[in-house]
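In: attaching a predicted model along with its sequence, questions to come.
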Amino acid sequence: MTALTTPLAHLGRAVLAFLAVTGRVAIFAFDGLTHVFRPPFYLREFLTALLHIGWLSLPVVGLTAFFTGGALALQIYAGGARFSAEAVVPQIVAIGMVRELGPVLVGLMIAARVTSSIAAEIATMKVTEQIDALVTLSTHPMKYLTAPRVLAALIVVPLLVGIGDIIGIYGGYIVGTQQLGFNPASYIKNTVDFLEFSDIFSSMVKGCAFGGIAATMGCYFGMQSGRGAQGVGQATKASVQAAAVLILAANFLLTSVFFAS
């Protein structure tokens, strides 16, 4: 009897632990969002987060999007040549970058660069008892540390997604016109004519969702960090893993909402 029930007991404990973590993250995210709209507001922290998440992320976002757009154009051309459909390269590059690759790649780059940084910073503050000092000074850690970063990510990541979409399409344009022999004017016209407002809107919504996920995961795991250097490292690793998985899951759900019909 024990041999039969032991695996079920392990499975039950794992499920309960997962549900407990999910509940804690949901409560933390809701609490962080409520603090975004309640005073006091720490403008300096917000502006610093805008600079760190937005401006300093532009190089990696731009390079990633450019090379992805170029590689996508080559792949579509090679695949389309099997069916004599090489002419669809501009349209597929545009829709692929705007609907899927642009938002997802930007979200993952933000998770790799920003989520890890936020988690390491807040975890270090916890280890060095700076968060305890904030409480002593009657400063709410959620208000001072989480709210500015979440708000900045909600605002600036959709802008990064838009820039990434444009640069990715430009990368496809460069490859298409310089290497694959497309007419520049025709390439641009096909790209503009094929994109619809719903494609751009879905891209911005995804960017907003992914930014919120990335910042929230960094703050949550930073706040939950254990003591010592090992705790900081584990919090940083866990934050990036959770952010990446949640971004991909959210992308699937949002794609189902926008393009299921």
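Out: Good, I have the coordinates. This structure is a prediction, so every number in the text was calculated from the model and none was measured. Numbers count the residues shown, from 1 in each chain.
In: neighbours around Leu105, how many?
Out: By other C-beta atoms under 10 Å, 18 other residues sit near Leu105. Backbone N, C-alpha and C define where each C-beta goes, glycine included.
In: can you pull the contacts of it?
Out: Applying C-beta atoms under 8 Å, 6 or more residues apart in numbering, one finds that Leu105 lies in contact with Val61, Thr64, Ala65, Thr68, Gly164.
In: correct me, but the first one touches Val106?
Out: Yes. Assessed by C-beta atoms under 8 Å, Val61 is found in contact with Val106 at 5.5 Å.
In: so for those two, which sits in the more crowded spot?
Out: Neighbours per residue (other C-beta under 10 Å) separate Val61 from Val106, with Val106 holding more: 32 against 23.
In: tell me which element the more buried one falls in.
Out: Assigned by DSSP states H and E, Val106 belongs to helix 102-110.
In: which stretches of the stretch 151-261 of the chain have low pLDDT?
Out: Residues of the stretch 151-261 of the chain meeting the criterion pLDDT under 70: 261.
In: between Val61 and Val106, which contacts overlap?
Out: In terms of C-beta under 8 Å, 6+ apart, Val61 and Val106 are both contacted by the residues Leu160, Gly164.
In: do you know how far Val36 is from Ala152?
Out: Applying C-beta to C-beta, to the nearest Å, the value for Val36 to Ala152 is 10 Å.
In: okay, those two: which has more neighbours?
Out: For Val36 versus Ala152, neighbours defined as other C-beta under 10 Å are more numerous around Ala152 (23 against 18).
In: the helix or strand hosting the more buried one: which residues count as buried?
Out: Secondary-structure assignment from DSSP H and E places Ala152 in helix 147-178. For helix 147-178, burial by neighbour count (16 or more other C-beta atoms under 10 Å) applies to 147-158, 160-173, 175-177.
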